[in-house]
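K.L.:
The amino acid sequence is not available; the structure is as follows:
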């Protein structure tokens, strides 16, 4: 029975997360001396279902796991453009996306449809993936550097801490009964983790991955295992609607710094800060406007178009959904699904205004031939901008063993794409 029990446990580890309706919120963060202010909270995911595990790719881009077409994939949010793209197209579900240090790649825990759960890397240039650690069922993790991973591995019906050297292909266990929060401690060669060996009081500990030496840092908030480091002295954590901080050697206990209940947030979980420490992203359970319209409306701020940020995000999501669905059909070479998103009088242009194809029938004929002749066809979105009714995609396309770059400008009306302009190098 043991293999069956283990299988059930690691299914539960990831799939159970999908039962909650979590969202990603982005805040401005100001930290001066021992004072921290968190303002201007915005729901950047605004998606029905599971949105969780945020991490910063760089100053302005946030990675997170998000529900799409019944599975969980890696989303990338551009805070400067207020737009989202998907960076992977596997049949499995991805969780805990992180930037791999010094590489143009991200990593994520993947749960495939056959039940296999492993840690993968994903190339940001073409979306291709490969397995990172073959023999361990990784549930949570972080990177010390581009060669060293500290992770929680499902083993003996619990989570145990392993340190893996990717180049050497070696893994070693250093601790048992750990939690899900792993973070490189800023300006150090240490990683923090949550120890659950004392069931009555969870603890934040550090580990030196080179030596395996562990040290106690502090106690967690009661029953809370999610933290992040603001710097090498200050830790953030959340419980319920409130955000707390603990500055080592200054604060005797956790200090409340903000209450997000007015935003509709009901329970804070994951959190992360950008490299400049002026942005905070959190994952949280969210009470919708239907649950508490008055409270939510009080916190909506107008953007430059005069609409609320919630309304603006909804419009972007609907337009982008059409284009993303169309791209998925393109990559699947499914001509029927692909053509459903186009208006009957669709016009295709070469930039700036050279008409190439007019009408749905002519377009279908051309693309049907293209799909039939190119078995390795794949378009990968490098960057996406949404402006009004236009979606502008910078694409990298693979066809017949060759790779080329292009820009596609989609224009949408009444739920259909009526014009596409291509710019190709």
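P.N.:
Now that the structure is in, tell me what you want to look at. Because the structure is a prediction, the values reported are computed rather than measured.

K.L.:
Just name the shakiest helix or strand of this structure by mean pLDDT.
P.N.:
When the helices and strands of the chain are scored by mean pLDDT, DSSP states H and E, helix 293-297 comes last with a mean of 34.

K.L.:
quick one, domains of this structure?
P.N.:
Following automatic domain parsing, the chain resolves into domains at 2-297, 309-424.

K.L.:
which of these is buried the deepest?
P.N.:
Comparing the domains of the chain by mean neighbour count (mean count of other C-beta atoms under 10 Å), domain 2-297 comes out on top with a mean of 18. Glycine gets a C-beta too; all of them are placed from N, C-alpha and C.

K.L.:
and that domain, how far out from the chain's middle?
P.N.:
10 Å (C-alpha atoms, centre = their mean, to the nearest Å).

K.L.:
same deal with stretch 354-365?
P.N.:
36 Å.

K.L.:
pLDDT averaged over that stretch - what is it?
P.N.:
Here stretch 354-365 scores 94 as its mean pLDDT.

K.L.:
contacting residues around that stretch?
P.N.:
Identification of contacts with stretch 354-365 by C-beta atoms under 8 Å, 6 or more residues apart in numbering yields 335, 339, 342-350, 366, 422.

K.L.:
Where does pLDDT dip in the stretch 201-350 of the chain?
P.N.:
Residues of the stretch 201-350 of the chain meeting the criterion pLDDT under 70: 288-317.

K.L.:
Do a quick rundown of the strands in it.
P.N.:
According to DSSP state E, counting those that start in this stretch, the stretch 201-350 of the chain carries its strands in the segments 203-207, 214-219, 227-229, 234-239, 242-247, 255-259, 265-273, 279-286, 342-350.

K.L.:
and the ones you listed as a markdown table, adding distance to residue 38?
P.N.:
Formatted as a markdown table, the strands of the stretch 201-350 of the chain follow (distance: least, C-beta to C-beta, whole Å):
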| stretch | distance to residue 38 |
| --- | --- |
| strand 203-207 | 21 |
| strand 214-219 | 21 |
| strand 227-229 | 13 |
| strand 234-239 | 9 |
| strand 242-247 | 6 |
| strand 255-259 | 5 |
| strand 265-273 | 10 |
| strand 279-286 | 6 |
| strand 342-350 | 44 |
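
K.L.:
List of residues touching stretch 367-379?
P.N.:
Against stretch 367-379 from outside (C-beta under 8 Å, 6+ apart): 89, 126-127, 327, 330-331, 333, 335, 338-339, 395-401.

K.L.:
Check the separation of the first and last residues in it.
P.N.:
14 Å (C-alpha to C-alpha, to the nearest Å).

K.L.:
Residue 233 is in contact with residue 245, correct?
P.N.:
No - using C-beta atoms under 8 Å, residue 245 is not in contact with residue 233; the gap is 10.3 Å.

K.L.:
related to what we said a few turns ago, for the strands of the stretch 201-350 of the chain, which one sits closest to residue 173?
P.N.:
strand 203-207 (11.5 Å; C-beta to C-beta).

K.L.:
Please name the strands paired to the closest one in the sheet, noting orientation.
P.N.:
strand 191-195 (antiparallel), strand 214-219 (antiparallel) (DSSP bridges).

K.L.:
which residues does the closest residue to residue 414 other than its chain neighbours contact?
P.N.:
Excluding the flanking residues, the one nearest residue 414 by C-beta to C-beta, 6 or more residues apart in numbering is residue 343, at 7.9 Å. Neighbouring residues of residue 343 by C-beta under 8 Å, 6+ apart: 360, 413-414, 416-418.

K.L.:
cool, residue 130 as well?
P.N.:
Contacts of residue 130 by C-beta under 8 Å, 6+ apart are 120-121.

K.L.:
so when I look at it, I'm seeing a strand, right?
P.N.:
Yes - checked against DSSP: H, G, I helix; E, B strand; the rest coil, residue 130 lies within a strand.

K.L.:
what about it, distance to residue 100?
P.N.:
12 Å (C-beta to C-beta, to the nearest Å).

K.L.:
Could you name every residue contacting both of these two?
P.N.:
residue 121.

K.L.:
element containing residue 163?
P.N.:
strand 158-165 (DSSP states H and E).

K.L.:
Give me the helices and strands touching the next helix or strand after that strand, please.
P.N.:
Going down the chain from strand 158-165, the next helix or strand is strand 170-176, by DSSP H and E. Packing partners of strand 170-176 (3 or more C-beta pairs under 8 Å, 6 or more residues apart in numbering; DSSP states H and E): strand 158-165, strand 203-207.

K.L.:
Show me the one of those that comes nearest residue 267.
P.N.:
Nearest of the helices and strands packed on strand 170-176 (C-beta to C-beta): strand 203-207, 20.1 Å.

K.L.:
for residue 249, what are its contacts?
P.N.:
Residues counted as contacts of residue 249 (C-beta under 8 Å, 6+ apart) are residue 233.

K.L.:
same thing with residue 232?
P.N.:
185-188.

K.L.:
and the gap between the residue nearest to the spatial centre of the chain and residue 72?
P.N.:
For the chain, residue 64 is the residue whose C-alpha lies nearest the centre (C-alpha atoms, centre = their mean; 1.1 Å). When distance is defined by C-beta to C-beta, residue 64 is 10 Å away from residue 72.

K.L.:
Also residue 211?
P.N.:
From residue 211 to residue 72 the distance is 36 Å (C-beta to C-beta).
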